[in-house]
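Asks: Need a 3D model of the sequence below.
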Amino acid sequence: MKNFIFDRYGYYVENGEVFDYQGFKFALEINNYSPIESEDMNNYIIQLANNLFNKKAYIVPSREDKLLTLSEYGNVSLVAVEDFKVTINDIILFHQQNFSSNKKVKASVIKERWISKLDLIENKIVPSIKIEDHYYQLLVICVTHSIGLAINAIQYLQDAIIDFNDEINGVTLVHKRATLNSYDLLNPFNLIIDSPVRDFAELYKNEEISLEELISILTRYQFNSKDVTLLLARILYPTKFFDLLEKHYQKRDDITPDLNEYYESITSYIDKIKKIHSYLVNNYGIRKINWLE
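Replies: Residues are numbered from 1 along each chain as shown. Modelled structure (predicted):
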């Protein structure tokens with residue numbers, strides 16, 4: 001990949017498809033959009049980064065002055081985002097500037113995506129994993145745990161549709177994977193229209209915000225019972241571990257260090273879910289989950 005980046009973009013990197021250069025983080029991203037859509041995305045993120053944060057973010061044109069470049073993985077784009085410290089207030093500002101009254105998101109669509117991902121994990125990815133016998137039991141424990149959480153999340157999301165309705169209100173531009181990192185904040189290929197709770201669920205699960213900070217955010221946004229039900233479903237869903245398995249499936253990376261990390265985090269993960277579950281049940285009157293009591 002380093003030869004590809006040099007040949008197409010003129011940057012010399014030692015290895016990989018992610019690198020830092022002159023205060024920017026660069027990364028290759030799969031691009032399934034058209035050239036016109038890519039141009040629109042680029043213009044949008046350039047203006048957004050400048051107007052909100054006085055920073056730079058953009059899709060890097062190739063040596064042929066194109067935003068899409070064909071690689072062995074299909075069309076890709078090189079994204080550059082200026083490095084800067086990101087706080088939860090930056091995430092909130094990002095949401096406030098991008099709320100959409102005419103965009104519609106349905107909880108049933110999210111549920112079907114989760115079901116499809118679970119099917120992929122169970123029936124295709126897990127059977128393909130080749131791992132040393134020493135780590136096999138660890139893999140089984142982690143997979144069993146994550147699949148159990150996913151099933152709970154899917155059922156709880158279905159309960160939300162029954163208790164309220166299918167449509168998710170108050171949507172804005174959020175992140176497919178939210179972190180307090182400037183590249184993830186402004187990477188145009190990491191953006192999606194959804195409820196703000198999507199970002200806060202990921203930040204809480206990944207220990208980038210505390211329970212106290214999350215509770216403060218719920219009050220600040222004036223979230224209702226439906227919003228926090230969606231939040232709990234997203235907190236239950238094991239995004240990070242499923243991403244790990246998918247990455248291994250696509251690139252055949254060694255996942256044993258990540259398996260150890262996930263296994264060691266299971267107890268604290270469940271503890272975090274129990275704490276927010278207790279708060280939401282007591283303060284918003286949402287459905288209880290018996291095993292979290």
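
Asks: residues contacting the residue nearest to residue 32 when sequence neighbours are not counted?
Replies: Nearest residue to residue 32, sequence neighbours excluded (C-beta to C-beta, 6 or more residues apart in numbering): residue 75, at 7.0 Å. Bear in mind the C-beta positions are built from the backbone N, C-alpha and C, glycine included. Residues near residue 75 by C-beta atoms under 8 Å, 6 or more residues apart in numbering: 30, 31, 32, 68, 69.

Asks: Residue 75 belongs to a strand?
Replies: Yes: judged by DSSP: H, G, I helix; E, B strand; the rest coil, residue 75 forms part of a strand.

Asks: who does it bridge with?
Replies: Taking DSSP bridges, one finds residue 70 as the beta-bridge partners of residue 75.

Asks: could you check the distance from it over to residue 226?
Replies: Going from residue 75 to residue 226 by C-beta to C-beta, to the nearest Å gives 38 Å.

Asks: now residue 25
Replies: Separation of residue 25 from residue 226 (C-beta to C-beta): 36 Å.

Asks: Wait, residue 189 touches residue 30, no?
Replies: Yes: if you go by C-beta atoms under 8 Å, residue 189 and residue 30 touch, sitting 7.4 Å apart.

Asks: Compare those two and say which one has the larger neighbour count.
Replies: Taking neighbours as other C-beta atoms under 10 Å, residue 189 and residue 30 compare with residue 189 leading, 19 against 12.

Asks: and the closest residue in space to that one that isn't next to it in sequence, what are its bridge partners?
Replies: Excluding the flanking residues, the one nearest residue 189 by C-beta to C-beta, 6+ apart is residue 29, at 4.3 Å. Legend: beta-bridge partners of residue 29 under DSSP bridges are residue 77.

Asks: Spit out the contact partners of residue 10.
Replies: Residue 10 touches residue 63, counting by C-beta under 8 Å, 6+ apart.

Asks: So what does it look like in phi/psi?
Replies: Phi and psi for residue 10, reported as degrees, to the nearest 10, are phi 90, psi 10.

Asks: Buried residues, stretch 87-95. List them.
Replies: Of all the residues in stretch 87-95, those buried under the rule 16 or more other C-beta atoms under 10 Å are 88, 90, 91, 92, 94, 95.

Asks: now do stretch 214-223
Replies: 214, 215, 217, 218, 221, 223.

Asks: Take those and write them to CSV, including distance to residue 288, pLDDT and secondary structure.
Replies: Listed next are those as CSV, based on distance: C-beta to C-beta, whole Å; pLDDT from 0 to 100; DSSP: H, G, I helix; E, B strand; the rest coil:
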residue, distance to residue 288, pLDDT, secondary structure
214, 19, 98, helix
215, 18, 98, helix
217, 22, 98, helix
218, 18, 97, helix
221, 23, 96, helix
223, 18, 96, coil
